[in-house]
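Participant: following is a predicted model, sequence given first.
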Amino acid sequence: MTENKNYRIKEGALIEKYRDLVFSLYRKYPNVAKTKLSEFEKTFSSSNPFFKYGNAENYFLFDDGKIVGHITAISDDRFGNIGSIGFFECENNQTYADMLFEKAFEFLKKTGKKECRGPINMSVWQSFRVSYPEDNPPFYLEPFTLCYYKDLFLTNNFITSHQNITTSETIDKTKIKNYEDLYTQSINNGYSYEILNKNNAKEGVRDIYFLTSKIFEGSYSFYNISEEEFSFFAKQYTEIQGPHYIFVIKNSKKEPVGFFLAIPDLFNPHLKAVVLKTMGLLPEYRGQGLGSAMLYFVYKNSIKDGFKQLIFCTMSVDNERIKSLTGQDLLPYRKYEVFEKEII
């Protein structure tokens, strides 16, 4: 990469510089900036077990001494020949973005990667995707970005490789209220719904970790990470104060067969919304109405706790099962994309 007298690249996990950048770019969205900074600090702490398995390099771009962009190049052989770029933040300037992409590609080529995907912050269990438009306020757990990021990727000849959508509906209108009989049937058949708390959190996180390897096998950009990595990032969910609906569903033999991650929108508490982030059932338990029953469990508890809105978060556009369960035919609240590009 050619650098002129104004442009300068610095390497390393410079926490204070990342703070300056995200709080400048997301000055309209301070909660987003705080969340991004927290994730960056946690990811590049010495206690992150990821670095036993993969490696990453951070690049900050300066223009005439002013910080204007950042990117992380991530190499993990468990992901095969695919490398990734994450923590991408940049001013609305294609030259800046191109320089950051080029620097990341140099690193990925050296580590033997032939394809790049992003933005993905280490793994699918962390923030990833570009979001657009900015019409609606960002919500807790959303992979929110500035909407022009999409064009920065596409103009650099990335192609869209995966799309997601978020929808929203008031609790009094959702069709989930019609799943009560399926929920009651599941209880009668010996299924139990165990919400994570301080007493069972360790066991619950372990159950969810082992469930994911079977539930999401073959899903976009999913590969098994270690249990210690999963637990490292899952800790943020188990420490949430107040009501939440993170639970494991178990059969009559007390074997875990599925899980759900639903948390109140902590960014906009006045809206009284619950974010339905992720759910999954083992393949052999699908088609029995258990997915609907799990949604009803979240619905009835949300009503009990006084919530008014449900946010169906980052559903895959090609997941017909989720569409039918959650009402993806609703108008989109926000859209998301992940991009890829050959780097041979």
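Facilitator: Everything's here; your move.
Participant: longest single helix anywhere in the protein?
Facilitator: In terms of residue count, the longest helix belonging to the chain (DSSP state H) is helix 94-110.
Participant: name the nearest residue to the most centrally placed residue in the chain, ignoring sequence neighbours.
Facilitator: Geometric centre of the chain, nearest residue: Ser127, 3.8 Å, by Cα atoms, centre = their mean. Excluding the flanking residues, the one nearest Ser127 by Cβ to Cβ, 6 or more residues apart in numbering is Pro143, at 4.5 Å. For the C-beta atoms, the positions are set from N, CA and C on the backbone; glycine is no exception.
Participant: I figured the one you found hits Lys335, correct?
Facilitator: No. Judged on Cβ atoms under 8 Å, Pro143 makes no contact with Lys335 at a distance of 11.5 Å.
Participant: mutual contacts of these two, please.
Facilitator: Jointly contacting Pro143 and Lys335 under the rule Cβ atoms under 8 Å, 6 or more residues apart in numbering are Ser131.
Participant: which residue of these two possesses the greater neighbour count?
Facilitator: Pro143 (21 against 18; other Cβ atoms under 10 Å).
Participant: which residues touch the more buried one?
Facilitator: Contact analysis of Pro143 by Cβ under 8 Å, 6+ apart lists Ser127, Phe128, Arg129, Ser131, Thr314, Tyr336.
Participant: surely Leu266 touches Glu142?
Facilitator: No. If you go by Cβ under 8 Å, Leu266 and Glu142 don't touch, sitting 11.1 Å apart.
Participant: pick out whichever of the two has more residues nearby.
Facilitator: More crowded of Leu266 and Glu142, by other Cβ under 10 Å: Glu142, with 25 against 17.
Participant: which secondary structure state does the more buried one sit in?
Facilitator: In the three-state summary, Glu142 is assigned as coil, counting by DSSP: H, G, I helix; E, B strand; the rest coil.
Participant: what's the answer for Val32, then?
Facilitator: Under three-state DSSP, Val32 comes out as helix.
Participant: just His270 next, same as before
Facilitator: helix.
Participant: so which elements touch the helix or strand that the longest helix of the chain is followed by?
Facilitator: Toward the C-terminal end, the helix or strand that comes next after helix 94-110 (DSSP states H and E) is strand 115-118. Here strand 115-118 touches strand 82-90, helix 94-110, strand 332-342, going by 3 or more Cβ pairs under 8 Å, 6 or more residues apart in numbering; DSSP states H and E.
Participant: between these, which one is nearest to Met122?
Facilitator: strand 82-90 (6.2 Å; Cβ to Cβ).
Participant: pLDDT (mean, whole number) over the closest one?
Facilitator: Mean pLDDT, strand 82-90: 96.
Participant: repeat for stretch 121-129
Facilitator: Here stretch 121-129 scores 82 as its mean pLDDT.
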